[in-house]
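Engineer: From the sequence below, what's the structure:
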Amino acid sequence: MKWQSGRRSGNVEDKRGMSGGQKLTLGGIGGVIVLIVGLLMGGDPAQILEQMQQGGQPTGSSAVEAPYDSTPEEDKLLDFADVVLGSTEDVWANIFKKEGETYPKTVLTVYNGAVETAGCGTGKSSYGPFYCPGDRKIYLDLSFNKELSQKYGAKGEFALAYVIAHEVGHHIQNVLGVLEKTNAMRAKLSEREYNKISVMTELQADFYAGVWAHYVQEYSAIELSYDDILDGMRAAAAVGDDHLQEQAYGSSNPESFTHGTSEQRAYWFKKGYDSGNIQDGNTFNDPALKQ
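Structural biologist: From the prediction side, this is the model:
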């Protein structure tokens, strides 16, 4: 993956050294997405559920700022994330333009440990990367890059690019009103039925990540090889529900899946890459996913 000559987004917010002191708000769309993505990226379910049990609304806020010494490795990752975000802006701006629309950019907030959001309370590194619909921002602790490689076996720079593109996929869903609709279904469906909606939501974000990969060389200075696409498929598969559950518990329960199997996640990412047409990414109408 050649990215060094790519355009920097500039829409990157560095909050490293800031520690959040507010409980995570798990009510509404924002909380649902934080919970979903936290589990998706291997977050500790006990920790996330503990936050849920502590209550819905924030119970006070405090942020402590401390000097943060970034390492050369982190500086490179931050620069990389800035370029990847810039490429997503270029790709989605062109796609929206074809539809006569203007793409509203998201912001990537980089933090360490914990971070306060404007719409989802406080997020923690243990939840993994997440998108907050309330403030339309993506949150990423750069240490997750090591987890991708060491914990999930997703190697190569493109693995982190896939993660960022996936979160941008959630932003696209938010802009298009998909997240509002899926959240409205939550109170009307059983947990088992809503899990299916969650799977469809996550797989569509994977599809949108594939669409970004399809166009990234056309609309940005990033250059990809097919090995990079394979790295993306491996990264998607690494965070499949079946793989994560088997890794954590030694077995998996399909009825509890909320993000899709490794096979499904890799398939929908690849489908987006092959197609490049967002109309082909309606996971909610896919018969296989409704079963």
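Engineer: Tell me, how many residues neighbour residue 216?
Structural biologist: Other residues near residue 216 come to 25 when the count uses other CB atoms under 10 Å. (Each C-beta comes from the backbone N, C-alpha and C, glycine too.)
Engineer: would you say it is within a helix?
Structural biologist: Yes - counting by DSSP: H, G, I helix; E, B strand; the rest coil, residue 216 is located in a helix.
Engineer: got the contact list for it?
Structural biologist: 87, 91, 222, 224 (CB atoms under 8 Å, 6 or more residues apart in numbering).
Engineer: Can you tell me which residue is spatially central in the protein?
Structural biologist: Closest to where the C-alpha atoms of the chain average out (CA atoms, centre = their mean) is residue 167, at 2.9 Å.
Engineer: helix or strand right after the helix or strand encompassing it?
Structural biologist: Assessed by DSSP states H and E, residue 167 sits inside helix 157-175. Later in the chain than helix 157-175, the nearest helix or strand by DSSP H and E is helix 178-185.
Engineer: got the angle between that following helix and helix 157-175?
Structural biologist: Interaxial angle, helix 178-185 versus helix 157-175 (axes from the mean of the first three to the mean of the last three CA atoms, to 10 degrees): 70 degrees.
Engineer: what about residue 266, neighbour count?
Structural biologist: For residue 266, using other CB under 10 Å, the count is 22.
Engineer: Verify the stated contact: it with residue 237.
Structural biologist: Yes - judged on CB atoms under 8 Å, residue 266 makes contact with residue 237 at a distance of 4.4 Å.
Engineer: what comes into contact with stretch 221-230?
Structural biologist: Against stretch 221-230 from outside (CB under 8 Å, 6+ apart): 1-3, 5-7, 83-84, 87, 156-158, 161, 213, 216-217, 270, 273.
Engineer: residues of it that come out buried?
Structural biologist: Within stretch 221-230, the residues that count as buried by 16 or more other CB atoms under 10 Å are 221-222, 224, 228-229.
Engineer: Which of these sits closest to residue 192?
Structural biologist: Closest approach to residue 192 among these (CB to CB): residue 229, at 33.6 Å.
Engineer: can you tell me the helix or strand for that closest one?
Structural biologist: Going by DSSP H and E, residue 229 is in helix 226-238.
Engineer: after that helix, next one along is what?
Structural biologist: For helix 226-238, the following helix or strand on the C-terminal side (DSSP H and E) is helix 241-249.
Engineer: Name the residues of that next one that are buried.
Structural biologist: 241-245.
Engineer: Tabulate the contacts of residue 216 (TSV), appending pLDDT.
Structural biologist: As requested, those are exported to TSV (pLDDT from 0 to 100):
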residue	pLDDT
87	98
91	98
222	97
224	96
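Engineer: ok, the residues you listed vs residue 182, which is closest?
Structural biologist: For those, the residue nearest residue 182 by CB to CB is residue 91; the value is 23.6 Å.
Engineer: So the closest one sits against residue 212, correct?
Structural biologist: Yes - with contact defined as CB under 8 Å, residue 91 and residue 212 form a contacting pair (5.0 Å).
Engineer: out of the two, which sits in the busier spot?
Structural biologist: A side-by-side neighbour count of residue 91 and residue 212, using other CB under 10 Å, places residue 212 first with 30 against 26.
Engineer: Please enumerate the helices of this protein.
Structural biologist: Here the chain has its helices, by DSSP state H, at 28-40, 45-53, 72-98, 144-150, 157-175, 178-185, 191-219, 226-238, 241-249, 262-275, 287-290.
Engineer: and residue 138, which of those is closest to it?
Structural biologist: Closest of the helices of the chain to residue 138 is helix 157-175, at 4.4 Å (criterion: CB to CB).
Engineer: in that closest one, what counts as buried?
Structural biologist: Quick answer for helix 157-175 (16+ other CB under 10 Å): 157-175.
Engineer: Report the inter-axis angle for that helix versus helix 226-238.
Structural biologist: Counting by the same axes, to 10 degrees, helix 157-175 lies at 60 degrees to helix 226-238.
Engineer: I'd like the average pLDDT over helix 157-175.
Structural biologist: Helix 157-175 carries an average pLDDT of 96.
Engineer: Wait, residue 215 touches residue 88, no?
Structural biologist: No - in this structure, residue 215 is not within contact of residue 88 by CB under 8 Å, at 9.9 Å.
Engineer: The two: who's more crowded?
Structural biologist: Taking neighbours as other CB under 10 Å, residue 215 and residue 88 compare with residue 88 leading, 30 against 18.
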